[in-house]
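Peer 1: Have a look at this prediction, sequence included:
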Amino acid sequence: MRKKYANDPFGPANYSFEYLFAITMAGQPLAWMEGTNLPQEALLLREQVEKYRGFQHDFHQGIILPVGDMPDGRSWTGFQSIREHQGYFNFFSRVSSFAILSCKNLVGSGNGNRMCTSVGTR
């Protein structure tokens, strides 16, 4: 498969395991596979998975909607989970030069919203 996508910047080998996990978080990811041949990078995902488990239940209690731009490999995209007057954002981008991300907060503004990084970077 690496040969087939060798010159494709969006080929499967060019996506990190952290990114691949992030894009599945809104769909309650399950992994049924043989793990003995996974690269070391996949085993380093344990910390992110444990952090996700800390808010997974609460995240899935809300209404989950897409936010950001249509996924194209360069844009910022993601999901927002809304539950009463609280919620979560899950943003991800494989390749982006944007330092600031702007999207509509579907919970509303002026109610003490705060943002923090739960999993990943930025």
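Peer 2: That came through, no problem. Residues are numbered from 1 along each chain as shown.
Peer 1: and the lowest-mean-pLDDT helix or strand in the chain, which residues are buried?
Peer 2: The helix or strand of the chain with the poorest confidence is helix 40-43; it has a mean of 78 (mean pLDDT, DSSP states H and E). Residues A42 are the ones in helix 40-43 that count as buried (16 or more other C-beta atoms under 10 Å). The way it works is simple: take the backbone N, C-alpha and C, and place the C-beta from them, glycine included.
Peer 1: Can you list the helices and strands that the helix or strand just after it packs against?
Peer 2: Scanning forward in sequence from helix 40-43 by DSSP states H and E, the next helix or strand is helix 46-61. Counting contacts by 3 or more C-beta pairs under 8 Å, 6 or more residues apart in numbering; DSSP states H and E, helix 46-61 packs against helix 17-22, strand 77-83, strand 86-92.
Peer 1: Just give me the neighbour total for the closest residue to A42 other than its chain neighbours.
Peer 2: Excluding its sequence neighbours, the residue lying closest to A42 (C-beta to C-beta, 6 or more residues apart in numbering) is F17, at 4.9 Å. Residues within reach of F17, counting by other C-beta atoms under 10 Å, total 15.
Peer 1: got the contact list for F17?
Peer 2: Shown in contact with F17 (C-beta atoms under 8 Å, 6 or more residues apart in numbering): 41-42, 44-45.
Peer 1: out of those residues, who's nearest R74?
Peer 2: Checking the contacts of F17 against R74 by C-beta to C-beta gives E41 as the nearest, at 22.0 Å.
Peer 1: State the pLDDT value of the residue nearest to the closest one when sequence neighbours are not counted.
Peer 2: Nearest in space to E41, with sequence neighbours left out and distances taken as C-beta to C-beta, 6+ apart, is F17 at 5.4 Å. Predicted confidence (pLDDT) for F17: 81.
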